[in-house]
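S.K.: sequence-free structure coming up:
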């Protein structure tokens, strides 16, 4: 599945705000080495460069198309290709920061434990995960995938995202941590109509479904049914806009 940075960044302000909120919450004093894991097109890396000026910072992402956009937009910053599951920094980082990335990977107990174990003494693992699997939008996507004629092809798409509740991440991190902070924020995005909600999800969570559907009539029918569900579940406001509620889970774990 190829990423489309330009489409993803249509909602750059909304997608960057959680990274700003997470970075602002961190109480690190003069961290020396920072990793932005799953940096995408570099918007979150730019936030960290502003928040922790002078630190050695690298943005890491597995998607080459995202890295190309990041390097073009932020030539003053450093970006490298890499996978969160095999991350091997040369020295223990003071901060591993990940904004809306780790939901694409399985086995979070092992993954979070491994990332936490890479930190320097007193270092911080700071993660934001989309927490919308029970939203009307995501439930509509899942229902369509399970009920349509394309259902036999949808197994991988239905399993593409991994997000657990706050209790799971507390139990995974607390035994080895000096402290764990968790909170959920629901962002109410004001978007320009129903098509904007569709475009939002098409640039992220809908990608595995589109990959399974291919480019034929099934994809057209799926998209048309999903847009109808969006129109049903997200009423237009008096000015023609929609309020798109998008919860996000924040996790901050402090190494001893």
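M.R.: Arrived safely. Computed from a predicted model, the values in this text were never measured in an experiment. Numbering: from 1, shown residues only.
S.K.: can you pull the pLDDT of the most centrally placed residue in the chain?
M.R.: Nearest to the mean C-alpha position of the chain, by Cα atoms, centre = their mean, lies residue 100 at 1.5 Å. pLDDT, residue 100: 96.
S.K.: offset the numbering so it begins at 67, please.
M.R.: In the new count, where the first residue is 67, that last one comes out as residue 166.
S.K.: what about the closest residue to residue 179 other than its chain neighbours, which SS state?
M.R.: Excluding its sequence neighbours, the residue lying closest to residue 179 (Cβ to Cβ, 6 or more residues apart in numbering) is residue 238, at 6.2 Å. No exception for glycine: its C-beta is placed from N, CA and C like everyone else's. Here residue 238 is recorded as helix under DSSP: H, G, I helix; E, B strand; the rest coil.
S.K.: surely residue 238 touches residue 174?
M.R.: Yes. If you go by Cβ atoms under 8 Å, residue 238 and residue 174 touch, sitting 6.8 Å apart.
S.K.: comparing those two, which shows the higher neighbour count?
M.R.: More neighbours surround residue 238 than the other of residue 238 and residue 174, with 21 against 18 (other Cβ atoms under 10 Å).
S.K.: distance of that one relative to residue 231?
M.R.: Here residue 238 is placed at a distance of 11 Å from residue 231 (Cβ to Cβ, to the nearest Å).
S.K.: with residue 285 instead?
M.R.: 32 Å.
S.K.: more neighbours, these two?
M.R.: Higher neighbour count among residue 285 and residue 231: residue 285, with 16 against 11, using other Cβ under 10 Å.
S.K.: tell me which helix or strand that one sits in.
M.R.: With elements taken from DSSP states H and E, the one containing residue 285 is helix 283-299.
S.K.: that helix - what's its average pLDDT?
M.R.: 97.
S.K.: which positions in stretch 221-238 come out as buried?
M.R.: Within stretch 221-238, the residues that qualify as buried are 223, 226, 227, 229, 230, 235, 236, 238, counting by 16 or more other Cβ atoms under 10 Å.
S.K.: now do that stretch: distance from first to last residue.
M.R.: With Cα to Cα, to the nearest Å as the measure, stretch 221-238 spans 27 Å from end to end.
S.K.: name the nearest residue to residue 287, ignoring sequence neighbours.
M.R.: residue 214 (7.4 Å).
S.K.: could you tell me how many residues sit around residue 213?
M.R.: Neighbours of residue 213 (other Cβ under 10 Å): 11.
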